[in-house]
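>>> Give the three-dimensional model of this entry:
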Amino acid sequence: QLQLVESGGGLVQPGGSLRLSCAASGFTMDYYAIGWFRQAPGKEREGVSCISNTGTSTNYADSVKGRFTISRDNAKNTAYLQMNSLKPGDTAVYFCAAVRRRCSTYVPAYEYWGQGTQVTVSS
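This next block holds a predicted model:
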């Protein structure tokens, strides 16, 4: 079965950190760029960050630049999102998704999606 599974979410205080993982099974992640998206209650899903299949290219939403870092380990078939200096506005369900080779802003291009992991930033 082809799937992505996120983990690492939870409850954290403002200013804290979390590291999300996105593990692929049933397919080789090497040929896919991995994007992280988030969706807060009552809001549309938004792109947070993306990393190319080789890891040589990354991009970030302006709202997370300087605080979040995306990475990947193709040997482990896993991508990561390190989130530092978290703010209440970062509260959302975070999803990872896979698109062939290059990152895309066209959400339907993403072939595989995880089920999401909840991140809550609150004191």
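>>> Work out which residue lies at the spatial centre of this protein.
Nearest to the mean C-alpha position of the chain, counting by C-alpha atoms, centre = their mean, stands residue 36 at 2.5 Å.
>>> Is residue 46 bridged to anything, and to what?
Residue 46 has these beta-bridge partners by DSSP bridges: residue 38.
>>> Just give me the neighbour total for it.
For residue 46, the neighbour count with other C-beta atoms under 10 Å is 13. Glycine gets a C-beta too; all of them are placed from N, C-alpha and C.
>>> Please apply the same query to residue 98.
Here the number of neighbours of residue 98 (other C-beta under 10 Å) works out to 23.
>>> To which secondary structure element is the nearest residue to the residue nearest to the centre of the chain once chain neighbours are set aside assigned?
Excluding its sequence neighbours, the residue lying closest to residue 36 (C-beta to C-beta, 6 or more residues apart in numbering) is residue 48, at 4.4 Å. If you go by DSSP states H and E, residue 48 is part of strand 46-51.
>>> helices or strands up against that strand?
If contacts are counted by 3 or more C-beta pairs under 8 Å, 6 or more residues apart in numbering; DSSP states H and E, strand 46-51 sits against strand 32-39, strand 58-60, strand 68-73, strand 78-83.
>>> Who are the contact partners of the residue nearest to residue 58 when sequence neighbours are not counted?
Closest residue to residue 58 apart from its sequence neighbours, by C-beta to C-beta, 6+ apart: residue 51 at 4.9 Å. The contact partners of residue 51, by C-beta atoms under 8 Å, 6 or more residues apart in numbering, come to 33, 34, 35, 57, 58, 70, 71, 72, 79, 103.
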